[in-house]
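Chemist: I'll drop the sequence and a predicted model, then ask my questions.
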Amino acid sequence: MGPLIPSNIIDPSWNNVIALLVGGAFGFILESSGFSSSRKLAGVFYGYDFVVLKVFFTAAITAALGLYYFQYLGWINMSLVYINPTYVASTIVGGVIMGLGFIMGGYCPGTSYCAAGIGKIDAIVFSVAMLFGILIFSEFYPLLEGFYNSGFLGNVTVYEVLGLPVGWFMIILIVVALGAFFVTSLIQDKVKEVDY
């Protein structure tokens, strides 16, 4: 029963090796999919390319359904799966800051390193600026700590917060994704009509 490292099926000393291999594979897939292009990534915000939304939404649903069925079959112990703690206020502000950075720079953190890895100058500048932002945040953290830790909900999931059974949440998530795919296809078609 997984997860493999917390269950001692794989020795914890392999942790960094596995992280490096998975990270390298993820970066390769991002680059192969064209996600090192700031124009493709920014297309989500301008309405001309929604591939990023469709790929990542599909990946999230696949992972969520996989975990759900693995738990149902007894292949994974969800109590051993780490869930990031939720801090409402800092998550909203951080999301707004990241969203603005994404719109202005055309990259998110992962795709910026992917593009920097193949030598794209704009991605290198974006990555260095991001590291500079992290440094500034680190220096001012003592002043921001109270706000950063405000709105703490614990290690919760969306379906727990909504008070829904996990199965119903999965169905709703799939319906929302299909609706998003349909609506974004309509938007993309309209934008293409305007361009031509």
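Modeler: Received the coordinates, thanks.
Chemist: Can you list the helices and strands that the least confident helix or strand in the chain by mean pLDDT packs against?
Modeler: Least confident helix or strand of the chain, by mean pLDDT, DSSP states H and E, is helix 38-46 with a mean of 86. If you count contacts as 3 or more C-beta pairs under 8 Å, 6 or more residues apart in numbering; DSSP states H and E, helix 38-46 packs onto helix 51-73, helix 88-105. Bear in mind the C-beta positions are built from the backbone N, C-alpha and C, glycine included.
Chemist: any chance of those helices in JSON lines, plus mean neighbour count?
Modeler: Shown next, in JSON lines, are those (neighbours: other C-beta atoms under 10 Å):
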{"stretch": "helix 51-73", "mean neighbour count": "14"}
{"stretch": "helix 88-105", "mean neighbour count": "14"}
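Chemist: out of those helices, nearest to residue 149?
Modeler: Across the helices and strands packed on helix 38-46, residue 149 has its closest neighbour in helix 88-105 (7.5 Å, C-beta to C-beta).
Chemist: Please pull up the helix or strand immediately following the closest one.
Modeler: Using DSSP states H and E, the helix or strand that follows helix 88-105 in sequence is helix 109-117.
Chemist: Just want the angle from the helix or strand just after that next one to helix 88-105.
Modeler: Sequence-wise, the next helix or strand downstream of helix 109-117 (DSSP H and E) is helix 121-148. Counting by axes from the mean of the first three to the mean of the last three C-alpha atoms, to 10 degrees, helix 121-148 lies at 160 degrees to helix 88-105.
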